[in-house]
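Peer 1: Return a 3D structure for these sequence lines:
(chains A and B)
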2 protein chains.
Amino acid sequence: MRMSEGVEWALHSCLNLTWVETGEAMTAARLAAFYELPAAYLNKQLQALARAGIVTSTPGPRGGFRLARPPERITLLDVVTAIEGPGEAFRCEEVLRQGPGGRSDVDYRKACFVSQAMRRAELAWRKELAGQTLADIKEMVERHLPGTPAATRDWFASRRP
Amino acid sequence: MRMSEGVEWALHSCLNLTWVETGEAMTAARLAAFYELPAAYLNKQLQALARAGIVTSTPGPRGGFRLARPPERITLLDVVTAIEGPGEAFRCEEVLRQGPGGRSDVDYRKACFVSQAMRRAELAWRKELAGQTLADIKEMVERHLPGTPAATRDWFASRRP
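Peer 2: Below you'll find the predicted structure:
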């Protein structure tokens, strides 16, 4: 079971968006260049973030991506779900239905105790992800590495197209 | 991000092993027949459980799989780890190292706040999985579906090779 590396890229790119000059839209190419990532692949992640309402995408020569709302209102779960989809990692295939006495009128995703236990664990994971926002991480970075916002802003400014 | 369906199969097969006649080893073919699963694929999961010390595998005509320890001492995390491997779902690729100012002497899997936040969530998931044993699920099944142990035992007994 493995998350796409796009989650890491998306989270760091969103953080960078919090540090660029207010209001400036950033292309996928510039965001990708920061970490030497393949722009086309990062663009796919950014499009997924746009579909999820986490960033807005504006077309045109001065277009690009901006955060759609303040980092206080973007949780890690929002980003993970945007990239990985809303499906659970443990997807109950209702194996009990194929067993002796299996019934077609029972929803084993709800009735099965294995399924319930696995879901409980996954809820704990989601709850933890939902309890952490981009602002929390931004604040930690700024507290421990106070030069980061300016350095990031300067880097992007120096590579303005 | 999706777990292999082998996790569901393995968990249910382990539960069935708690209900068969004491001491009887079960072949992958019989365990698979219970849910009409492909025996070769279930055998792979059972071999993984054996490598993890969750079941023992004995060769020979009366051989097969048995639980290696009491269900009180087999957690859901044990089974998930046996099938999915110990790797984390979010595997930090240390994207920060490729960024401006990235350093080769820093372990970003530890230093990066994104990585830390993602790990915290995953620990919550693992902790919840580790807090639930096969015995807990077995007990819930037996309380709500008291006929299950005997029905399972009888089904396997009737299909003794």
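
Peer 1: quick one: the helices in chain A?
Peer 2: A:6-19, A:28-34, A:39-51, A:76-84, A:108-111, A:113-130, A:134-144, A:148-158 (DSSP state H).

Peer 1: Does A:Met3 touch B:Ala89 like I think?
Peer 2: Yes - between A:Met3 and B:Ala89 there is a contact under C-beta atoms under 8 Å: 4.9 Å. Heads up, the C-betas are built off the backbone N, CA and C, glycines and all.

Peer 1: what bits of chain A have low per-residue confidence?
Peer 2: A:23, A:161 (pLDDT under 70).

Peer 1: picking that back up, got any residues that touch both of A:Met3 and B:Ala89?
Peer 2: B:Met1 (C-beta atoms under 8 Å, 6 or more residues apart in numbering or on different chains).

Peer 1: Compute the first-to-last residue distance for stretch A:47-59.
Peer 2: Distance across stretch A:47-59, first residue to last, is 12 Å (C-alpha to C-alpha, to the nearest Å).

Peer 1: quick check, distance from that stretch to the centre of its chain.
Peer 2: Distance of stretch A:47-59 from the chain centroid (C-alpha atoms, centre = their mean, to the nearest Å) equals 12 Å.

Peer 1: now stretch A:146-161
Peer 2: 22 Å.

Peer 1: again with stretch A:45-54
Peer 2: 9 Å.

Peer 1: what sits up against it?
Peer 2: A:6, A:9-10, A:13-14, A:28, A:31, A:55-57, A:65, A:67-69, A:74, A:78-79, A:81-83.

Peer 1: repeat that for 7 Å
Peer 2: A:6, A:9-10, A:13, A:28, A:55-57, A:65, A:68, A:74, A:78-79, A:81-83 (C-beta atoms under 7 Å, 6 or more residues apart in numbering or on different chains).

Peer 1: tell me which residues in it are buried?
Peer 2: A:45-46, A:48-50, A:52, A:54 (16 or more other C-beta atoms under 10 Å in any protein chain shown).

Peer 1: Closest to B:Glu128 out of those residues?
Peer 2: A:Ala52 (25.9 Å; C-beta to C-beta).

Peer 1: Relative to chain B, how far out is the closest one?
Peer 2: As judged by C-beta to the nearest C-beta, to the nearest Å, A:Ala52 and chain B stand 16 Å apart.

Peer 1: now A:Tyr41
Peer 2: In terms of C-beta to the nearest C-beta, A:Tyr41 sits 12 Å off from chain B.

Peer 1: what's near enough to touch that residue?
Peer 2: A:Tyr41 touches nothing, counting by C-beta under 7 Å, 6+ apart.

Peer 1: Which positions in stretch A:81-88 come out as buried?
Peer 2: A:81-84, A:88.

Peer 1: Same check on stretch A:115-125?
Peer 2: A:115, A:117-119, A:121-122, A:124-125.

Peer 1: With stretch A:7-26 instead?
Peer 2: Neighbour-count burial for stretch A:7-26 [16+ other C-beta under 10 Å]: A:7-20, A:25-26.

Peer 1: what's the answer for stretch A:128-140, then?
Peer 2: Under 16+ other C-beta under 10 Å, the buried positions of stretch A:128-140 are A:128-130, A:132-134, A:136-138.

Peer 1: now swap in stretch A:88-108 and tell me
Peer 2: Here stretch A:88-108 shows A:88-90, A:92, A:94-97, A:99, A:108 as buried, counting by 16+ other C-beta under 10 Å.

Peer 1: The buried residues of stretch A:128-140: which ones sit near chain B?
Peer 2: A:128-129, A:132, A:137 (C-beta under 7 Å from any C-beta of the partner chain).

Peer 1: hang on, isn't A:Gly64 packed against A:Thr27?
Peer 2: Yes - A:Gly64 lies in contact with A:Thr27 (C-beta atoms under 7 Å); the separation is 4.3 Å.

Peer 1: and the most centrally placed residue in chain A, what is it in contact with?
Peer 2: Taking C-alpha atoms, centre = their mean as the criterion, A:Val79 is the residue nearest the geometric centre of chain A, at 1.9 Å. For A:Val79, the contacting residues are A:7, A:10-11, A:14, A:54, by C-beta under 7 Å, 6+ apart.

Peer 1: Distance-wise, check it relative to A:Gly6.
Peer 2: Look at A:Val79 and A:Gly6: by C-beta to C-beta, to the nearest Å, they are 10 Å apart.
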